[in-house]
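Visitor: predicted model and sequence follow; I will ask about them next.
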Amino acid sequence: MNPTITSLIKASESDISRWRRHIHANPELSFQEFETAKYIFNELSQYKELEISQPTPNSVVARLQGNQPGKCIALRADIDALPLQEESGESFQSTKPNIMHACGHDAHTAMLMGAAKVLSTMKDVIKGEVVFIFQHAEEVPPGGAQELIEIGILDNVDMIFGLHVWPGAPVGTVVIKPGVFCASTDNFDIKIQGKGGHGSMPHLTIDSVLVAANIVTNLQSIIARRLDPIYAPVLTIAKLQAGNSYNVIPDTAHLAGTLRTHSKAVRESVPTLIQQTIEGICHAYGAKFEIEWTKGYTVGINNAEACQIANDMIHEYLPDLKITTFEHPNFGGEDFSAYLEKVPGAFMMIGVGDSADYYNVHHPKFKINEAALTVGTSIHVGLIIKLLT
């Protein structure tokens with residue numbers, strides 16, 4: 001990378017760390033990121049080449065229009081936190097009970113703010129437009145990405161890129177996976193209506209617990225016997241609630257779970273198979289049921305060309321970084337997938353670990369090596385130099 005740009009990034013290290021630590025200490029949950037958005041807006045306002053707006057009260061978009069015409073490239077960071085009590089021991093840990101940046105969104109935000117600062121000095125050489133998206137509510141479906149898309153945030157955008165921290169890889173590692181990289185995420189709630197009664201007279205009841213237990217075990221037969229194992233999803237029942245007594249068979253039982261798939265076709269077919277399975281079990285026992293689905297994020301599919309651009313850029317501008325890939329897609333969800341349905345792009349992971357003994361994202365002791373912050377900023381800046389100069 002140009003030594004001048006490298007120097008600008010190096011000179012921004014303290015700002016990037018300061019931004020990250022402030023956001024980390026003051027986390028806000030999904031759809032409640034009003035103070036976080038205000039902080040980002042105010043900090044970026046000092047860079048006069050940026051046009052800054054708030055498309056929603058809890059998100060920020062900064063635009064940098066180059067002095068020459070060209071394509072429009074978007075860079076995105078998520079800004080929301082999680083409902084966890086922090087136990088990281090960091091000096092700047094969360095000041096809010098039961099709210100924590102345990103997924104690195106504070107780091108994502110600071111990296112992108114750093115890129116906005118550096119790129120704002122390059123207006124004269126940029127051919128086109130850069131859109132910096134500081135997006136709310138990644139953690140809670142339907143997600144902030146979909147809301148921003150619906151109000152036109154991707155209008156005229158030609159390509160989009162995003163980064164996510166990865167504690168399982170050391171600093172200096174970049175994970176790029178073309179094609180499917182993460183799963184769709186749909187949740188469901190099932191209510192079983194039986195007929196309660198005394199535990200000593202089960203023949204006079206319709207045992208909702210027994211029905212629920214049969215549903216839990218039989219739903220797994222959908223994965224094992226109704227679907228091509230090459231495209232097998234993950235179906236998890238994570239909650240079963242019924243009754244509150246030792247000797248009373250309850251009227252109702254409630255189940256809740258999640259469906260994760262790497263195939264859009266499988267995602268659409270499994271709910272019908274679940275419906276059929278539950279209908280059969282309930283009919284056999286004389287029970288009734290209701291099922292309600294909450295649609296989450298779609299399958300995440302990276303564009304091959306965008307991945308190659310990122311790969312080439314790193315080899316050319318950031319040769320000290322190590323590029324690797326995942327052997328298989330993971331079953332996590334990411335609402336960046338909504339952007340990728342609209343425009344080509346790539347979502348990449350960057351290593352933030354510094355030992356083999358680490359705590360993963362969504363853990364109360366999760367922490368990152370801050371040396372990764374300028375790596376993320378450098379990738380954002382490098383992509384814009386590659387595509388728009």
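Guide: Structure's in. What do you need?

Visitor: in the stretch 1-150 of the chain, which spans are helices?
Guide: 3-11, 13-25, 34-44, 105-119, 144-150 (DSSP state H, counting those that start in this stretch).

Visitor: most tightly packed of the ones you listed?
Guide: Comparing the helices of the stretch 1-150 of the chain by mean neighbour count (mean count of other C-beta atoms under 10 Å), helix 105-119 comes out on top with a mean of 27. The way it works is simple: take the backbone N, C-alpha and C, and place the C-beta from them, glycine included.

Visitor: so that one versus helix 34-44, what angle?
Guide: Calculated by axes from the mean of the first three to the mean of the last three C-alpha atoms, to 10 degrees, helix 105-119 forms an angle of 20 degrees with helix 34-44.

Visitor: report the mean confidence score over helix 105-119.
Guide: With pLDDT averaged residue by residue, helix 105-119 scores 99.

Visitor: same deal with stretch 58-74?
Guide: 98.

Visitor: put the alpha carbons of it into PDB.
Guide: Provided in PDB are the C-alpha atoms of stretch 58-74 (Å, rounded to 0.1, in the frame of the first residue of the first chain):
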ATOM      1  CA  ASN A  58     -30.200   4.300  15.400                       C
ATOM      2  CA  SER A  59     -28.000   4.000  12.300                       C
ATOM      3  CA  VAL A  60     -25.500   6.200  10.400                       C
ATOM      4  CA  VAL A  61     -24.500   6.500   6.800                       C
ATOM      5  CA  ALA A  62     -21.500   8.500   5.600                       C
ATOM      6  CA  ARG A  63     -20.800   9.200   2.000                       C
ATOM      7  CA  LEU A  64     -17.600  10.200   0.300                       C
ATOM      8  CA  GLN A  65     -18.100  11.500  -3.300                       C
ATOM      9  CA  GLY A  66     -14.800  11.400  -5.200                       C
ATOM     10  CA  ASN A  67     -13.900  14.300  -7.500                       C
ATOM     11  CA  GLN A  68     -14.100  11.900 -10.500                       C
ATOM     12  CA  PRO A  69     -17.000   9.700 -11.700                       C
ATOM     13  CA  GLY A  70     -17.000   6.000 -11.100                       C
ATOM     14  CA  LYS A  71     -18.600   3.100  -9.300                       C
ATOM     15  CA  CYS A  72     -20.300   3.200  -5.900                       C
ATOM     16  CA  ILE A  73     -18.800   0.800  -3.300                       C
ATOM     17  CA  ALA A  74     -20.400   0.200   0.100                       C
END
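
Visitor: buried residues in it?
Guide: By neighbour count on 16 or more other C-beta atoms under 10 Å, the buried set for stretch 58-74 is 58-66, 72-74.

Visitor: CA atoms only for stretch 348-359, dumped as PDB, please.
Guide: The C-alpha trace of stretch 348-359 is given here as PDB (Å, rounded to 0.1, in the frame of the first residue of the first chain):
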ATOM      1  CA  MET A 348     -14.800 -11.700   5.300                       C
ATOM      2  CA  MET A 349     -13.600 -12.800   8.700                       C
ATOM      3  CA  ILE A 350     -10.400 -11.300  10.300                       C
ATOM      4  CA  GLY A 351      -8.400 -12.900  13.000                       C
ATOM      5  CA  VAL A 352      -8.500 -11.200  16.400                       C
ATOM      6  CA  GLY A 353      -7.100 -14.000  18.600                       C
ATOM      7  CA  ASP A 354      -3.700 -14.100  20.300                       C
ATOM      8  CA  SER A 355      -3.700 -17.600  21.800                       C
ATOM      9  CA  ALA A 356      -5.300 -21.100  21.300                       C
ATOM     10  CA  ASP A 357      -7.100 -20.600  24.600                       C
ATOM     11  CA  TYR A 358      -9.800 -18.100  23.700                       C
ATOM     12  CA  TYR A 359     -13.400 -17.300  24.300                       C
END
